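S.K.: next input, structure requested:
(chains A and B)
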Amino acid sequence: MSAAVVDTPTAAPAGQTLRARPRRPGVAAAKTVGLVALLTFSLFPAYWMFSSAIDPQAATRGARLLPAGVTWDNFVSVIDDGGFGHYLRNSVLVALGTVLASSVVALLAAVAVSRFRFRFRKSMLVLILMVQMVPLEALVIPLFLQMRNLNMLNSLLGLTIVYLAFALPFAIWTLRGFVAAVPVELEEAAYLDGASWGRMFWKILVPLVAPGVVATSVFSFITAWNEFIFALTFLQQSSKYTVPIGLQKFFGENTTDWGAVMAASTIITLPVLVFFVLVQRNLSSGLTAGSVKG
Amino acid sequence: MADLRAAPGASLDPAAPADRPTSGTAPTGTRRRRAGGLGHRSPLRPWLLLAPGLVVLGVLLLWPLVRVVLLSLQDYGLRQIASGESNWVGLQNYADILGDSYLWTTVLPNTVLFALACVVLTVALGTAVALFLNTLGGFWRGVGATAIMVAWAVPAITGTYVWVWIFDPLNGLVASVLEGVGAIEPGTVNWFTERLSFYAIATLNVVHHGFPFVAITVLAGLMTIPNELHEAAKVDGASAWRRFWSITAPILRPVFAVVTILSTIWDFKVFTQIYLMPGGNGGNKDVFNLGVWSYIESFAQGKYGMGSAIAVLLTLILLGITLVYMRTLFKEEEL
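M.R.: Next up is the predicted model:
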């Protein structure tokens, strides 16, 4: 669209150039206003969170747009007194466990559905899509009873196993697009050179699909890092809390200490934010590849 | 197993004939087929590769779904948890829920109207942002896309607390601004106690979190539309509005279908954003949606059977939407 606006006047006769020109300052101004509005709307909550976290008088901030000063006290207090150092460790363990397990399992399954034509293949794809709609509220009751019977309620391992199942369908669906993008000719060339299937898998497929694995790993990490309802239900000892539950309990005990609540929120948000923006390219192409184009 | 062995060679295989003609001359073609016959395409291999995933999904997603249906047919409380016994009551839980005016006057409207509002606003805003970003040059488009990625990335849990803080009745931003201009008396308004204002804030939260997905997906679709189409329409004198409905919308129909249905599925099962708002965790029964009601019945009241029945209702609604989703998807795409 912008190209069209610029190109038309140069290519067109002088009369049209004159007609096109008066519109341009107006269009440019409207675009600037639009962009400012978009940036403000998108970024404001994140800004408000961070600026409250560093504000020494956050709780009485009111409508003050800039913080009253810069202090790291809120961060120190939530990590030292709020126990967030411990919760962060728990969350990292659970998220890394989920990433490792889901990457391996999802890659194998993605290769199966995108490289092999077998009976029930379509049913498998339908199944993988269908399970993503299942509401966690429906799973939390039976899985709570199950884990209770297995004595795994206050276990980070139990939580990791459950998160693996939540991360898996999306990871398979996304990786499937990345595997399909690897030319079959490369595989066949490896076979012609006498490689076994396993060798082809490790030497050809895995390196070429690695960017896709990174992208889906980030998604699995975020799934595990953000998950709330199962952590809330399973974890009953504060020593096992992950960060979302740590934040919820902390808020319950310090309702009006907004500086500290926002500092804790910032600590939880930051890793997700960094990962997410870093892989945005992979992510958006992977998403459209998985959800639209196949 | 004999069936599986037959399958790869059979004409069930839609992609293989399409691949072959592009893969070069006849001699390599036959050699490839022979290479395939040497066991690289063993009929068991896809199932071995799928096995770990299927086991995980089966044990942790499908079996619990069966179990929640079984639980919904029981009066399952703390006593049954302790003893492990069953306590079948047939469809009594469903009869109780469906006969309860609370479902029809509070929970169902909260769930359905909230989801509808969120979906309409999310898709409309997301599309508008995508169209806008598509008019920008590369650099500013990148800036805009990164900004909305930030909105997308903020976790539901921390995002909810930020909105609660912004709308805090005592010192929050909105209350302070409104007090400053004299619109409200200090400390007289609490938006979280009123059902409508509670859900207005929840809608703002969910739309803010959800529109970037729509915007990025639609933007990716917009960039595939050849510029010539729009230019030709412009020469014919079509307005921007007309061009959107006559060119963009028809071409991107599958994209719109997918983002709308996915948003619908997500917005029907919103839990965290409601549960974490003041009153949403049980204090204010007026603001429950199906998911929160199911959770509170189970884990706060100890009525796991009743909670399961509510969860099954929610799942059935989502199943209906998902079936529509699948039909849309399979119409557009060769899996």
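S.K.: all contacts plus neighbour counts: C-alpha atoms, from now on.
M.R.: Noted.
S.K.: low-confidence stretches in the chain?
M.R.: All of this is about chain A. Flagging of chain A using pLDDT under 70 yields the residue ranges A:1-23, A:280-294.
S.K.: meant chain B, my bad for not saying
M.R.: Within chain B, the ranges that satisfy pLDDT under 70 run B:1-41, B:332-335.
S.K.: most centrally placed residue in it?
M.R.: B:W266 (2.5 Å; C-alpha atoms, centre = their mean).
S.K.: I'd like the distance between it and chain A.
M.R.: Distance, B:W266 to chain A, using C-alpha to the nearest C-alpha, to the nearest Å: 8 Å.
S.K.: show me what the helix or strand hosting A:V277 is packed against.
M.R.: In this assignment (DSSP states H and E), A:V277 forms part of helix A:258-278. Packing partners of helix A:258-278 (3 or more C-alpha pairs under 8 Å, 6 or more residues apart in numbering or on different chains; DSSP states H and E): helix A:23-53, helix A:73-80, helix A:206-226, helix A:243-253, helix B:138-153, helix B:156-166.
S.K.: quick one: closest of those helices to B:A240.
M.R.: Comparing these against B:A240 with C-alpha to C-alpha, the closest turns out to be helix A:23-53 (13.3 Å).
S.K.: distance between the closest one and the chain's centre?
M.R.: In terms of C-alpha atoms, centre = their mean, to the nearest Å, the gap separating the centre of helix A:23-53 from the centre of its chain is 23 Å.
S.K.: go on, stretch B:298-312?
M.R.: Here stretch B:298-312 is found 23 Å from its chain centre; the criterion is C-alpha atoms, centre = their mean.
S.K.: again with stretch B:205-223
M.R.: 13 Å.
S.K.: likewise for stretch A:241-260?
M.R.: With C-alpha atoms, centre = their mean, you get 22 Å for stretch A:241-260.
S.K.: need the contact list for B:I251.
M.R.: B:I225 (C-alpha atoms under 8 Å, 6 or more residues apart in numbering or on different chains).
S.K.: give the buried residues for the helix holding A:V277.
M.R.: The neighbour-count criterion (16 or more other C-alpha atoms under 10 Å in any protein chain shown) identifies A:258-270, A:272-273, A:275-277 as the buried residues of helix A:258-278.
S.K.: residues in contact with that helix?
M.R.: So helix A:258-278 is contacted by A:49-50, A:52-59, A:74-75, A:77-78, A:84, A:218, A:222, A:243-244, A:247, A:250-251, A:254, B:146, B:149-150, B:153-155, B:158, B:161-162, B:165 (C-alpha under 8 Å, 6+ apart).
S.K.: tell me the SS of B:G187?
M.R.: Put simply, B:G187 is coil when judged by DSSP: H, G, I helix; E, B strand; the rest coil.
S.K.: okay, now it: neighbour count?
M.R.: 12 (other C-alpha atoms under 10 Å in any protein chain shown).
S.K.: circling back: specify the local secondary structure of the residue nearest to the centre of chain B.
M.R.: helix.
S.K.: that one: what's it in contact with?
M.R.: For B:W266, the contact set (C-alpha under 8 Å, 6+ apart) comprises A:M133.
S.K.: buried only: go through the contacts of helix A:258-278 for me.
M.R.: Buried among those by 16+ other C-alpha under 10 Å: A:49-50, A:52-59, A:74-75, A:78, A:84, A:218, A:222, A:243-244, A:247, A:250-251, B:146, B:149-150, B:153-155, B:158, B:161-162, B:165.
S.K.: outline the domain layout of the chain.
M.R.: Reading this off chain A. When chain A is parsed with automatic domain parsing, its domains come out as A:2-53, A:76-293.
S.K.: actually, chain B is the one I wanted.
M.R.: Split into domains by automatic domain parsing, chain B comes to B:2-67, B:94-332.
S.K.: please identify the most buried of those.
M.R.: domain B:94-332 (a mean of 19; mean count of other C-alpha atoms under 10 Å in any protein chain shown).
S.K.: relative to A:E187, how far out is A:L205?
M.R.: For A:L205, the distance to A:E187 equals 8 Å [C-alpha to C-alpha, to the nearest Å].
S.K.: which one's more surrounded, those two?
M.R.: A:L205 (21 against 18).
S.K.: check contacts around the more buried one.
M.R.: Neighbours of A:L205 in contact, by C-alpha under 8 Å, 6+ apart: A:179, A:182, A:187.
S.K.: name the nearest residue to the second one, sequence neighbours excluded.
M.R.: Right, A:V182. A:L208 (7.0 Å; C-alpha to C-alpha, 6 or more residues apart in numbering or on different chains).
S.K.: so which of the helices and strands packed on helix A:258-278 comes closest to A:L232?
M.R.: Nearest of those to A:L232, taken as C-alpha to C-alpha: helix A:243-253 at 6.0 Å.
S.K.: and stretch B:197-206 with chain A, contact?
M.R.: No - judged by C-alpha under 8 Å from any C-alpha of the partner chain, stretch B:197-206 stays clear of chain A, getting no closer than 9.7 Å.
S.K.: residues making contact with that stretch?
M.R.: With C-alpha under 8 Å, 6+ apart as the criterion, stretch B:197-206 contacts B:114, B:117-118, B:159-160, B:163, B:191-192, B:267, B:273-274, B:287.
S.K.: ok, 10 Å please
M.R.: A:45, B:110, B:113-115, B:117-119, B:121-122, B:156, B:159-164, B:166-167, B:190-192, B:194, B:196, B:207-210, B:266-267, B:270, B:273-274, B:277-280, B:286-287 (C-alpha atoms under 10 Å, 6 or more residues apart in numbering or on different chains).
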